[in-house]
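Visitor: Below: sequence and its predicted model.
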Amino acid sequence: MPVARRGADYVGTMEVQEKHRFDEQTLARFMADQVPGFVPPVRAEQFKGGQSNPTYRLTDGAGRRYVLRRKPPGKLLPSAHAVDREFRVISALNKTDVPTPKAYALSDDASVVGTPFYIMEYCDGRVLWDPLLPELTKEDRLAIHKAKFATLAKLHAVDYVALGLGDFGRPGSYVARQISRWGKQYKASETETIEAMDKLLDWLPAHLPANDETVLVHGDYRLDNMIFHPTEPRVLGIIDWEISTLGDPLAELSYLCMLWRTPKEWNGLLGHDLAGQGLPSEREMVAYYCELSKRPVPDPALWEFYMAFNLFRVSCIRQGVYARSLDGTAANIRAAESGKLVRPAAELGWQLVEGLAAGGR
């Protein structure tokens, strides 16, 4: 769930930040050995967007472009910034119809760029930060949103065992494990007491859903984690696979649909004239995904649980980003803004729980 990510602060590249610099000649020697077709030297620019793993656009001596993702420097939370997992899942999905950049090389040799990293294809397309899609026609706006949900259905349909990802996570109990994992990381990076978060930490584990389907999930599936074709409403590549795992398709679907529950100030769709702007409703997109994936439309009360769970999860993630901004390890130049979202997202999640209680649950 992006936080007002409009404008130049999140688009394009910039000079590599001092704390994220590395020796380009050392990287060029690595690429010459590991990346087919690479021509030295290499020049690095840092992407402005993204808040977790520092990400760079590389240009070689022949003008070819690549992307490098690396762990940030400094003290890191347990299990965070797993670039090796990103590389593994992208490499596996390269064999499917799920659009992913081609994976080239992975290294845990800290002498190359200072931390573990991987190199993948640079997809030359559009990153669409604003879900209102103001630069597009009404027809193209609907087509972009449908492509986003259709691509999610493709991802959830892959045979992860056949791809060698049977051990990429634990089947079943996804929501319970997510609550435990993110709750611990939240407490490890907590900077203030938020009553709504403490209530969600107690309530969510006590009201887990009975359904337990397992699919491969991206973990942060949203509009700005996709590269779209320059002119067509078609996804060229899904990016930022850091927290991908085996998980619950409804958890991921509801995360994507939080867009319709969050206000304009959070770059959400709540409060906008959707029909007038050619944008679909939450209900329409849920039905569209369920039709493509051959899953039943979820019960309303179950759906609200997933929404509350995801608002809790967003609060945990944003708290971690905010904490990294305080110690200087966050990759994004405006990561400190994440701290402003932690409390309101948690409070919105708890409001949904209170709505369920008022409805007789």
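Guide: Ah, there it is. The model shown is predicted, which means the values in this text are computed figures rather than measured ones.
Visitor: Please count neighbours and contacts with C-alpha atoms only from this point.
Guide: Will do.
Visitor: Just want the phi and psi numbers for Ala44.
Guide: Its backbone dihedrals place Ala44 at phi -110, psi 140, with angles given as degrees, to the nearest 10.
Visitor: right, I mislabeled it, should have said Ile239
Guide: Backbone torsions for Ile239, taken as degrees, to the nearest 10, come to phi -120, psi 170.
Visitor: which ones are touching the closest residue to it other than its chain neighbours?
Guide: If you skip the residues right next to it in sequence, Ile239 has Asn225 as its closest partner in space, 5.3 Å away by CA to CA, 6 or more residues apart in numbering. If you count contacts by CA atoms under 8 Å, 6 or more residues apart in numbering, Asn225 has them with 127, 238-240.
Visitor: tally of neighbours for Ser281?
Guide: Ser281 has 13 neighbours, counted by other CA atoms under 10 Å.
Visitor: who's in contact with it?
Guide: When the contact criterion is CA under 8 Å, 6+ apart, the partners of Ser281 are 260, 274-275.
Visitor: if we go to 10 Å?
Guide: Residues touching Ser281, when contacts are defined by CA atoms under 10 Å, 6 or more residues apart in numbering, comprise 257, 260, 269, 274-275.
Visitor: That one and Gly271: what is the separation?
Guide: Computed with CA to CA, to the nearest Å, the distance linking Ser281 and Gly271 is 12 Å.
Visitor: any common contacting residues for those two?
Guide: With contacts taken as CA under 10 Å, 6+ apart, the residues that reach both Ser281 and Gly271 are Trp260.
Visitor: what about the most centrally placed residue in the chain, which SS state?
Guide: Note on the chain: the residue nearest the mean C-alpha position is Asp220, at 2.6 Å, using CA atoms, centre = their mean. The three-state label for Asp220, taken from DSSP: H, G, I helix; E, B strand; the rest coil, comes out as coil.
Visitor: Does it touch Met258 like I think?
Guide: No: counting by CA atoms under 10 Å, Asp220 does not reach Met258; the two are 11.8 Å apart.
Visitor: Let's verify Gly172: helix, strand, or coil?
Guide: Here Gly172 is recorded as coil under three-state DSSP.
Visitor: ok, for it, nearest residue in space, not its chain neighbours?
Guide: In space, and not counting its chain neighbours, Gly172 is closest to Asp212: 5.4 Å by CA to CA, 6+ apart.
Visitor: Give the burial count for the one you found, as a bare number.
Guide: A total of 15 residues lie near Asp212 under the criterion other CA under 10 Å.
Visitor: What of the one 10 residues further on?
Guide: Around Arg222 sit 24 other residues, with neighbours defined as other CA under 10 Å.
Visitor: any idea which element Asn53 lies in?
Guide: Remark: Asn53 resides in no helix or strand, with elements defined by DSSP states H and E.
Visitor: Quick one: residues contacting the residue nearest to Gly172.
Guide: In this structure, Asp212 makes contact with 171-175, 247-250, judged by CA under 10 Å, 6+ apart.
Visitor: got a list of what the residue nearest to the centre of the chain touches?
Guide: By CA under 10 Å, 6+ apart, the contact set of Asp220 is 1, 239-244, 252, 255-256, 314.
Visitor: Gly12 now?
Guide: Residues in contact with Gly12 (CA under 10 Å, 6+ apart) are 45-49, 57, 127.
Visitor: Inside strands: which ones of those?
Guide: In strands, defined here by DSSP state E, the members of the contacts of Gly12 are 45-47, 57.
Visitor: What is the nearest of the residues you listed to Leu152?
Guide: Lowest distance from Leu152 to those (CA to CA) belongs to Phe47, with 24.7 Å.
Visitor: The closest one and Val16 touch, don't they?
Guide: Yes: in this structure, Phe47 sits in contact with Val16. The criterion is CA under 10 Å, and the distance is 8.4 Å.
Visitor: shared neighbours, those two?
Guide: Residues within reach of Phe47 and of Val16 at once, by CA under 10 Å, 6+ apart, are 54-57.
Visitor: Go through the longest helix along the chain and flag the buried ones.
Guide: Ordering each helix of the chain by length in residues (DSSP state H) puts helix 300-327 first. Applying a neighbour-count criterion of 16 or more other CA atoms under 10 Å, one finds 303-325 buried in helix 300-327.
Visitor: Then stretch 87-104?
Guide: For stretch 87-104, the neighbour count (16+ other CA under 10 Å) marks 87-93, 98-104 as buried.
Visitor: quick one, helices of the stretch 51-200 of the chain?
Guide: Along the stretch 51-200 of the chain, the segments classed as helices by DSSP state H, counting those that start in this stretch run 83-93, 110-113, 138-157, 174-189, 195-206.
Visitor: mind checking which of these is nearest Gly61?
Guide: When the helices of the stretch 51-200 of the chain are compared by CA to CA, helix 110-113 sits nearest Gly61, at 18.9 Å.
Visitor: hmm, back to that, could I get the contacts of Gly12 as JSON lines with pLDDT and distance to Ala110?
Guide: Shown next, in JSON lines, are those (pLDDT from 0 to 100; distance: CA to CA, whole Å):
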{"residue": "Glu45", "pLDDT": "96", "distance to Ala110": "20"}
{"residue": "Gln46", "pLDDT": "95", "distance to Ala110": "19"}
{"residue": "Phe47", "pLDDT": "91", "distance to Ala110": "21"}
{"residue": "Lys48", "pLDDT": "85", "distance to Ala110": "23"}
{"residue": "Gly49", "pLDDT": "68", "distance to Ala110": "24"}
{"residue": "Arg57", "pLDDT": "96", "distance to Ala110": "19"}
{"residue": "Val127", "pLDDT": "92", "distance to Ala110": "30"}
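Visitor: From those, pick the one nearest Glu347.
Guide: Glu347 has its nearest neighbour among the contacts of Gly12 in Gly49, at 26.5 Å by CA to CA.
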